[in-house]
Every structure is written in structure tokens, then in C-alpha cells.
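**Student:** how would this look folded up:
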Amino acid sequence: MNDSLVIIPTYNEKENAEMIIRKVFSLAHPFDLLIVDDNSPDGTQDIVRRLQIEYPNLHLLARSGKQGLGTAYIAGFRWALERDYEYIFEMDADSSHNPEDLLRLREACVNGADLAVGSRYVTGVNVVNWPMGRVILSYFASKYVRFITGMPINDATAGFKCYKRIVLKTIRLDKIQFVGYAFQIEMKFKSWFYGFKLTEVPIIFTDRTLGQSKMSKGIVKEAAFGVIKLKLWSMFRGKKGYNHH
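**Tutor:** The predicted model follows:
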């Protein structure tokens, strides 16, 4: 077992699964990999099981049906906390996140960050293949989150991250409210709320070329209202700012 676990949730990712798995295991630092699959009808799990013969550090958490991104990550976090991983990563299956950047996210946490965020907006707008409307939506969503919450993060909806174990142990995973993009905002916000050190690592995000995007209006709405709920939650709790070091 290695000190780093990459969690990748999948639903119908058979075109992408093998490529991303092989890429993670080819990196200079050894990572363990957990695929959390929501009972994909396209045979994603069969591909993972076939590759498990080749890669002993490839794990599969098979769930009974489509339950949303947030719950997939929380199931993965719980799995990681039951074992001794120090660095726990979130990454998409669709190749929009470059596995090479896992090394840079890990390095940021080794060097003092508690949560390293792979950020599309820390050095301008680093997005490839997105329609302009989506870039504007995402960019201004992050500005909006920053404005409402005061959280010092440029890319609030980013889903490419490295957590130190202590962060996931401190955040009450059973109290996480959101499942879509708002889940990503909530996890960052609560990490910051509890006084952990967040840092942004610039990445280039390339939109998926294979398979289907999971974006919907409901997800956007959840994020817009979710931010206000989070802010209210923190006002009633009072800023914690625990010092964990």
C-alpha cells in the first residue's frame, strides 16, 4: 500500500477507464487507485476487474446505482480513512484532468498545504475545448462563490484535488449536504472554515472528448443556492480557524 490514493468516480466511462488507469499507474510516484462505480450499464466495472489482475493497487468500490458525484466521493473518502492513506485525491475519469498533475498536487500537500486544488483560474483561464458560455458560467460561478463566502479560492467548483488525511477526518462527512458541483464548493468551504491551509496549483483543464458530460441545470441551481446556505451555516457556527499543526 502506498501513501497516496486517487479516487475516480465512474458512470459509463468504458471509453476512458482503461486509459486513465494505465496513466495513473505509469506516474513517477506510486499511487493506489480506487474506482467508485455506480453500476455502469456499459461494462466499466468489467474493464476495472480485468485490469486488477495487472495492477494489484487498483481497487473497485461497486455501488448499486447512480447516486451522484458527492456520495461517490464520500464513499471513497470513507474507504480511504479506513486504511492508512495520508494523501487522498479526487479526479475525473474523463481525461479532463491530466494525471501528471497528481504529482504537483501531492507535492503542494507535502510542502505544507492541507488541501491542494487543481485550479483552472489561478493564472488566467486555462480551459481547452469548452464552449465560451460554459467558460463564462464556470468563471463567474467561482467569482460569485468567492464574493458570497469570502473563501480565498479562484476555482471554487474544481474537482481535481489532494486532501491530507486530517482534513477528511475533521470535516463531518455525514453532514455534507450537496451532491453536484455544490459538493465541490462545500468541501473546500468546510476545509477553509476549519482553518486548514488551502492552496491552488495551476492546471490546464481539457474538456472530455469521449463519453457524455454529466452537467445539468439542476446542478447549477444547487450550486447557486448552496453557496448561500453554506455562508449562513458558517455564520451560525462562527469561524472555527482551528490550528491543526
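**Student:** what about the strands in the protein?
**Tutor:** In the chain, the strands defined using DSSP state E lie at 4-10, 32-37, 58-62, 87-90, 115-119, 127-128, 161-164, 198-202, 205-206.
**Student:** burial measure for the residue nearest to residue 66 when sequence neighbours are not counted, as a count.
**Tutor:** In this structure, residue 66 finds its nearest non-sequential neighbour in residue 38, 4.6 Å apart by CB to CB, 6 or more residues apart in numbering. Glycine gets a C-beta too; all of them are placed from N, C-alpha and C. As a burial measure, residue 38 scores 22 neighbours (other CB atoms under 10 Å).
**Student:** so what's residue 38 up against?
**Tutor:** 9-11, 63, 65-67, 72 (CB atoms under 8 Å, 6 or more residues apart in numbering).
**Student:** what pLDDT does residue 23 get?
**Tutor:** Looking at residue 23, its pLDDT reads 95.
**Student:** out of the strands of the chain, which gets the lowest mean score?
**Tutor:** strand 127-128 (a mean of 64).
**Student:** could the strands of the chain go into a markdown table alongside distance to residue 181?
**Tutor:** Converted to a markdown table, the strands of the chain look like this (distance: least, CB to CB, whole Å):
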| stretch | distance to residue 181 |
| --- | --- |
| strand 4-10 | 14 |
| strand 32-37 | 18 |
| strand 58-62 | 22 |
| strand 87-90 | 13 |
| strand 115-119 | 14 |
| strand 127-128 | 15 |
| strand 161-164 | 13 |
| strand 198-202 | 17 |
| strand 205-206 | 14 |
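**Student:** what are the contacting residues of stretch 46-59?
**Tutor:** Against stretch 46-59 from outside (CB under 8 Å, 6+ apart): 1-2, 10, 14, 17-18, 21-22, 25, 30-35, 37, 60, 79.
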